[in-house]
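Q: Please work out how this folds:
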Amino acid sequence: MCGRFTLTTTPADLAEAFPDVELPVDLAPRYNIAPSQPVAVIANTAVKRVELYRWGLIPSWAKDASIGDRMINARAETLAEKPSFRAIFRKRRCLVLADGFYEWKQEPGGRQKTPMYVRLASGRPFAFAGLWDVWRPADGEPVHSCTIVTTAPNELMQMIHTRMPVIVDPAAYALWLNPSEAAPADLAPLLKPYPAGGMTAYAVSRYVNRPQNDSPACIAPADTRQAGGW
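A: Sure thing, here's the model as predicted:
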């Protein structure tokens, strides 16, 4: 699964990575984005702009918002068939902006997990494949929310976890963000593991384990003498 990630890049680098997209002027650096928090999203609507959606999908048919706590990820292999996702897979797709993510590596013996920070080798920002929807409560404002699509791990991620988020090739942004309804067969080829050679990973402190901790210390390489945390 993908349960934490970062978006710390500068506005200039974001503008270069996502040209012709309207960017907010107040997008603060985030070093430990967690479920239920706002995430930067480009939805497949007519106007291409970055907006903040709740991470944790609340489908339009949900009775209450609590379902969003369980729907932070969606498996690529079952999007076309699973009732929770098959309609929005065709109609409501988005890019979730990031520049790295965390995964917890099980250590030998099964008693400890080491947090790993994973990013592109270039250090550039990228986008996860996401799905979005709008939930309208009986009273209150509509809630825009999203989920991140995951797939099988590449060779790098196999050493860390059994899943990884889908990182969309920039050449495929236009197809993924097409506002028209799309056939699953046309979208499925995009939902593949990112090439391992274009990624890097390193251990960080267990400081990142607490969602309340949101500072550059989260992505600092771990001191092997203090691997137990801060």
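Q: For the closest residue to residue 71 other than its chain neighbours, report the pLDDT, please.
A: Leaving aside its chain neighbours, residue 71 sits nearest to residue 57 (4.1 Å; criterion: CB to CB, 6 or more residues apart in numbering). For glycine as for every other residue, the C-beta is placed from the backbone atoms N, C-alpha and C. Predicted confidence (pLDDT) for residue 57: 97.
Q: was I right about residue 41 contacting residue 94?
A: Yes: at 4.8 Å, residue 41 and residue 94 qualify as touching, with contact defined as CB atoms under 8 Å.
Q: So for the two, which residue has more residues nearby?
A: Using other CB atoms under 10 Å, the more surrounded residue of residue 41 and residue 94 is residue 94, with 26 against 23.
Q: Break down this protein into its strands, ranges please.
A: Applying DSSP state E to the chain gives strands spanning 4-7, 30-33, 38-43, 50-55, 73-75, 93-98, 100-106, 113-120, 126-135, 143-151, 164-165, 199-203.
Q: Report the rounded mean pLDDT for the first one.
A: It stands for strand 4-7. In the prediction, strand 4-7 has an average pLDDT of 98.
Q: Neighbouring strands of it in the sheet, and parallel or not?
A: strand 30-33 (antiparallel), strand 100-106 (antiparallel) (DSSP bridges).
Q: Please compute how far it lies from its chain's middle.
A: How far strand 4-7 lies from its chain's middle: 8 Å, per CA atoms, centre = their mean, to the nearest Å.
Q: go on, stretch 114-131?
A: Centroid displacement of stretch 114-131 relative to its chain, using CA atoms, centre = their mean, is 8 Å.
Q: buried sites along it?
A: For stretch 114-131, a neighbour-count test (16 or more other CB atoms under 10 Å) marks 114-120, 125-131 as buried.
Q: what's the weakest-modelled helix or strand in this protein?
A: Counting by mean pLDDT, DSSP states H and E, the chain has its least confident helix or strand at helix 11-17, which shows a mean of 93.
Q: Can you list the neighbours in contact with it?
A: Residues from elsewhere that reach helix 11-17 (CB atoms under 8 Å, 6 or more residues apart in numbering): 9, 23, 25, 27, 50, 97, 124, 125, 126, 170.
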